[in-house]
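A.B. asks: Here's a sequence, model it:
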Amino acid sequence: MKKKSKIRSRLIFGITMLCAILILIMSMVRNSIYNNKVHKDNLSGADLFNVNADDGDGVNIGIVARSDTWGKIFDFNNKGITENNYQAYIYDYTVANNTSDEVKDFSFTFVFSEEAYLSSAWNGAIEVHQNVKTKEIVDTIPDLRQFSPEKHKLETVSVDGESFIPMKPGDYFKYIPSTSMNALEMPIKPNEGTTPGLIMYVEIGKTLEDSSLEIEYTFNRRLTSEPLFWISLGSIAIWIIALIIYIITSVQIKRYQERHERDNEIISESIETFIGFIDAKDKYTNGHSKRVAVYTKMIAKEFGYSGEDLERIYYVALLHDCGKIGVPDNILGKPGKLTNEEFEIIKSHTVRGGDILSNFKSLKNAGVGALYHHERYDGKGYPEGKAGEDIPFIARMICVADSFDAMNTNRVYRNRLSLEKIISEIENNKGRQFDPKVADVMLKLIKEGKIKSTEE
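C.D. replies: Next up, the predicted model:
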């Protein structure tokens, strides 16, 4: 049972730790999936220039045109235009991280609804997509402020010595944020933001409000932000505490068991030594007490007793004749018939035994076997004439075991009986001297060969 209990405890600890580890792995997987997911948001129409990036939850982007502006003449066909026909706008693209997670990476794509001319941009790179004669030209400009047309394949125009990149309706650019230390735009910390800027020229009287923008971003959420992580951490902490308590308790229980076993050994050795003195008083009954204890234990086991209860029954049966220590040797070993007075002295060993064991507190009901093992089921026994169920059950078991051993061994007044005669005596005395149920169990043990005659 102890071994099974240890295996069960270890199995429970193993399963709970495995569950905690699985939860931890799940938290890591969930966190990884979340961090690798690309989030997308789209803005178009009137919302494009009316969104405050700092409002709301999540990652937002808002486009704001600065108030300072100026005009320029774009006369590509040399028509002699004398007034400004294009307006310069400085657009701030504010990307705001309104979450508790870090934005690991982002980019946004702006699709033009009207013709415009890119002039400058700062911080990040611009990936330009132009449609020229049904063919798409794609080129990346690391820094639009230092744009040199001859180094790129894009279509460009020059006005007053300044180069511009024409963007027709449907053309678009992708903004790639800077990772340099001078203009670090990534990562974006929680509740912070970054503001890339672009300068472009739009024909006076027209707007870009029908354009569209798509922003893509990924998070770098810390594992500590994952609820399952804390659940797993708490589970592991509880597991460790439980393990420490289990180890401490197991050590204490082991020490108690060792001490208990030592105490039992001392008690057992003391009792058997004491019983040795009693059995030594009569060479004909030497070993009788131990045999009766063994038989009684076997009977009790058949009735379902086990563990400490079975051990207690064994010791009570072992002490059943301890009162004989007060009976004179000449009476115990007398070969002839006892006088009435001598028989009364013999009978007194039950009461003496009960008195001797009355202070034996560490063995529950220690004196019951000694006091009542000569009571008869029909009420004609001694010392109190108890009958039937009034006789303690342990005494009824000892009575049958004691009688069997008496019949199965040579005595000063007669030789041992044959096994057939012993069986017959037990059968005939069921309900008279013996409890019928106990007698049947004894007969079963004899017939099964578990209890044998001395000649065998």
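A.B. asks: any idea how far the strand or helix carrying Asn42 is from the chain center?
C.D. replies: Using DSSP states H and E, Asn42 sits in strand 39-44. In terms of Cα atoms, centre = their mean, to the nearest Å, the centre of strand 39-44 is found 44 Å from the chain centre.
A.B. asks: other SSEs contacting it?
C.D. replies: Helices and strands touching strand 39-44, by 3 or more Cβ pairs under 8 Å, 6 or more residues apart in numbering; DSSP states H and E, are strand 58-65, strand 212-220. From N, CA and C alone the C-beta is placed, and that goes for glycine too.
A.B. asks: Recalculate using a threshold of 10 Å.
C.D. replies: In terms of contacts (3 or more Cβ pairs under 10 Å, 6 or more residues apart in numbering; DSSP states H and E), strand 39-44 is packed against strand 58-65, strand 102-111, strand 212-220.
A.B. asks: Could you tell me the least trusted of the ones you listed?
C.D. replies: Of all those, the minimum mean pLDDT falls on strand 58-65 (a mean of 90).
A.B. asks: that older thread, identify each buried residue in the strand holding Asn42, please.
C.D. replies: Using 16 or more other Cβ atoms under 10 Å as the burial criterion, the residues of strand 39-44 that qualify are Leu43.
A.B. asks: quick one, that strand and strand 102-111 angle?
C.D. replies: 30 degrees (axes from the mean of the first three to the mean of the last three Cα atoms, to 10 degrees).
A.B. asks: From the rest of the structure, what touches strand 39-44?
C.D. replies: Identification of contacts with strand 39-44 by Cβ atoms under 10 Å, 6 or more residues apart in numbering yields 48-51, 58-63, 103, 106, 108-111, 113, 209-219.
A.B. asks: Just the buried subset of the residues you listed, written out for ChimeraX, thanks.
C.D. replies: ChimeraX command restricting the contacts of strand 39-44 to the buried ones, with burial defined by 16+ other Cβ under 10 Å:
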select :48,49,51,59,60,61,62,63,103,106,108,109,110,111,113,211,212,213,214,215,217,218,219
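A.B. asks: Point me to the helix or strand that includes Ala370.
C.D. replies: Ala370 is part of helix 366-372 when elements are defined by DSSP H and E.
A.B. asks: That helix - contacts with which helices or strands?
C.D. replies: Counting by 3+ Cβ pairs under 10 Å, 6+ apart, the packing neighbours recorded for helix 366-372 are helix 288-302, helix 307-318, helix 349-357, helix 393-408.
A.B. asks: Name the next helix or strand following the second one along the chain.
C.D. replies: Yep, that's helix 307-318 we're talking about. Sequence order places helix 329-332 as the next helix or strand after helix 307-318, per DSSP H and E.
A.B. asks: next one: that next one to chain centre, how far?
C.D. replies: Taking Cα atoms, centre = their mean, one finds the center of helix 329-332 at 68 Å from the center of the full chain.
A.B. asks: which parts of the helix or strand following that helix are buried?
C.D. replies: As assigned by DSSP H and E, the chain's next helix or strand after helix 329-332 is helix 340-347. Within helix 340-347, the residues scored as buried using 16+ other Cβ under 10 Å are 342, 345-346.
A.B. asks: Name the nearest of those relative to Ser9.
C.D. replies: Ile346 (54.2 Å; Cβ to Cβ).
A.B. asks: Could you measure from that closest one over to Lys206?
C.D. replies: With distances taken as Cβ to Cβ, to the nearest Å, Ile346 is found 132 Å from Lys206.
A.B. asks: just Phe393 next, same as before
C.D. replies: 110 Å.
A.B. asks: Asp405 now?
C.D. replies: From Asp405 over to Lys206 the distance is 122 Å, taken as Cβ to Cβ.
A.B. asks: Those two: which is more packed in?
C.D. replies: Asp405 (22 against 14; other Cβ atoms under 10 Å).
A.B. asks: so who does that one touch?
C.D. replies: Residues counted as contacts of Asp405 (Cβ under 10 Å, 6+ apart) are 285, 287-292, 294-295, 416, 422, 451, 454.
A.B. asks: quick one: it and Glu344, what's the gap?
C.D. replies: Distance from Asp405 to Glu344, by Cβ to Cβ: 23 Å.
A.B. asks: before we move on, the earlier item: any idea which of the helices and strands packed on strand 39-44 gets closest to Tyr91?
C.D. replies: Nearest of the helices and strands packed on strand 39-44 (Cβ to Cβ): strand 58-65, 5.6 Å.
A.B. asks: Partner strands of the closest one and their direction?
C.D. replies: Here strand 58-65 is paired, per DSSP bridges, with strand 86-98 (antiparallel).
A.B. asks: ok and the strand it pairs with relative to strand 212-220, angle-wise?
C.D. replies: 30 degrees.
A.B. asks: so where's the stretch 251-400 of the chain shaky on pLDDT?
C.D. replies: 281-285 (pLDDT under 70).
A.B. asks: Look at the residue of the chain most remote from its centre and give its secondary structure.
C.D. replies: Seen from the C-alpha centroid of the chain, the residue lying at the greatest distance (Cα atoms, centre = their mean) is Gly80, 85.3 Å away. Secondary structure for Gly80, judged by DSSP: H, G, I helix; E, B strand; the rest coil, is coil.
A.B. asks: which residues does it contact?
C.D. replies: Applying Cβ under 10 Å, 6+ apart, no residues contact Gly80.
A.B. asks: how far away is it from Lys452?
C.D. replies: On the measure of Cβ to Cβ, Gly80 and Lys452 end up 137 Å apart.
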